[in-house]
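Peer 1: got a predicted model here, sequence first, then my questions.
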Amino acid sequence: MTITWLQAFLLAFMASMTSVIGALGTTYSWYTLSRPLVASLVVGIIIGDISTSIMVGAAIQVVYIALVTPGGTVAADLRAVSYIGIPLAVAAVRGAGLDPASVQGAGLAVSIGALVGTVGTVMFYSTATMNLIWQQIGWKSIDKLNYKVIYLTNFIFPLVSHFVIAFLPTLFITFYGTDVVANLQDWLPMDGVVMKTMFTLGSMLPAVGIAILLKQVVSKAVDLIVFFFGFTLAAALGINLIGAAFVAGMIAFLNYKIIMSTGTTESVTEEEDL
């Protein structure tokens, strides 16, 4: 698998636009288009392999399903995971001749995504550090009431940071890196220690993502029953998690109607007693 300069340019452009202060805004960029599951569709359209890209993106998304950025602190830069990690993972899976839906394929994809996520963290903080230069210029402009420069420091100069720290690395890594990871099968045998280690670690990382999610949503032990109910449906009835989500939605709706009905009855009873 190879990526053309045009495809690399588009991937780099999306990596720049989906930052915290991207042109599309925090809601639509950082918290939507930078997420692996959403970005996998965009990446698939760009590289011309939507199905493989989405399967790879879904596997990587599980690892970062509970990732948040409180106070600007990030454990991994998802724009790098999405627009560098997914193309490289697709190239690696295809180059190794693996099925992206298999355990080995998902494990390899997740391993590469996690590695790129760490690199992306460096990109994130490097961008923030470079923006400090523009911040100092902005403070001086406020003292001088130079509104034109203030506007530039808020909207134009930070784009330079994203171009240098996000756009250029993504451009070159995706263009040259795909050929490297695509040759994994030639360099590292599938039954070798290195590849088996990557498969094992990649298979364990989704459990970390689920554990972090559980820590956030489970406040008492009984909540685990509700959480694992969907997985039980998927295993026992053979439905996927989307189908389980619709079943859960119906149960939630019925529970809501029961609670509202009970509340209305109690209100009517209280009014009659009065």
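Peer 2: Everything's here; your move.
Peer 1: mean confidence score for whichever strand or helix holds Ile251?
Peer 2: Using DSSP states H and E, Ile251 sits in helix 241-273. Average pLDDT, helix 241-273: 71.
Peer 1: and the contacts of the host helix or strand of Val226?
Peer 2: Element membership of Val226, judged by DSSP H and E, is helix 223-237. With CB atoms under 8 Å, 6 or more residues apart in numbering as the test, helix 223-237 has contacts from Leu214, Val217, Val218, Ile239, Asn240, Leu241, Gly243, Ala244, Ala245, Val247, Ala248. C-beta coordinates here come from the backbone N, C-alpha and C atoms, glycine included.
Peer 1: go again using 7 Å as the cut-off
Peer 2: Leu214, Val218, Ile239, Asn240, Leu241, Ala244, Ala245, Val247, Ala248 (CB atoms under 7 Å, 6 or more residues apart in numbering).
Peer 1: what sits against the fourth one?
Peer 2: Spelled out, that is Asn240. Neighbour list for Asn240: Ala234 [criterion: CB under 7 Å, 6+ apart].
Peer 1: tell me how far it lies from Asp223.
Peer 2: To Asp223, Asn240 is 23 Å away according to CB to CB, to the nearest Å.
Peer 1: and the helices in this protein?
Peer 2: Along the chain, the segments classed as helices by DSSP state H run 5-17, 25, 36-47, 50-63, 78-80, 86-95, 103-143, 147-151, 157-162, 168-182, 184-187, 193-217, 223-237, 241-273.
Peer 1: these: lowest mean pLDDT?
Peer 2: Among those, helix 184-187 scores lowest, at a mean of 58.
Peer 1: ok, back up a step: format the helices of the chain as JSON lines; extra columns: mean neighbour count.
Peer 2: Converted to JSON lines, the helices of the chain look like this (neighbours: other CB atoms under 10 Å):
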{"stretch": "helix 5-17", "mean neighbour count": "20"}
{"stretch": "helix 25", "mean neighbour count": "12"}
{"stretch": "helix 36-47", "mean neighbour count": "22"}
{"stretch": "helix 50-63", "mean neighbour count": "23"}
{"stretch": "helix 78-80", "mean neighbour count": "28"}
{"stretch": "helix 86-95", "mean neighbour count": "27"}
{"stretch": "helix 103-143", "mean neighbour count": "19"}
{"stretch": "helix 147-151", "mean neighbour count": "13"}
{"stretch": "helix 157-162", "mean neighbour count": "18"}
{"stretch": "helix 168-182", "mean neighbour count": "19"}
{"stretch": "helix 184-187", "mean neighbour count": "14"}
{"stretch": "helix 193-217", "mean neighbour count": "15"}
{"stretch": "helix 223-237", "mean neighbour count": "12"}
{"stretch": "helix 241-273", "mean neighbour count": "11"}
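Peer 1: quick one: residues contacting the closest residue to Leu168 other than its chain neighbours.
Peer 2: Spatial nearest neighbour of Leu168, chain neighbours left out: Ala12 (7.3 Å); criterion: CB to CB, 6 or more residues apart in numbering. The contact partners of Ala12, by CB under 7 Å, 6+ apart, come to Phe167, Thr170, Leu171.
Peer 1: ok, now Arg79?
Peer 2: Counting by CB under 7 Å, 6+ apart, Arg79 touches Ala15, Thr18, Ser19, Ser34, Gly120.
Peer 1: thought the fourth one was touching Met17?
Peer 2: Translated: Ser34. No: using CB atoms under 7 Å, Ser34 is not in contact with Met17; the gap is 9.3 Å.
Peer 1: which neighbours do those two share?
Peer 2: Contacts common to Ser34 and Met17, judged by CB under 7 Å, 6+ apart, are absent.
Peer 1: show the backbone phi and psi for the residue nearest in space to the middle of the chain.
Peer 2: Geometric centre of the chain, nearest residue: Arg35, 3.0 Å, by CA atoms, centre = their mean. Here is the backbone geometry of Arg35 (degrees, to the nearest 10): phi -70, psi 130.
Peer 1: contacting residues for the residue lying closest to it once chain neighbours are set aside?
Peer 2: Distances taken as CB to CB, 6+ apart place Leu78 nearest to Arg35, at 6.2 Å, with adjacent residues excluded. By CB under 7 Å, 6+ apart, the residues touching Leu78 are Ser34, Arg35, Pro36, Tyr64, Leu67.
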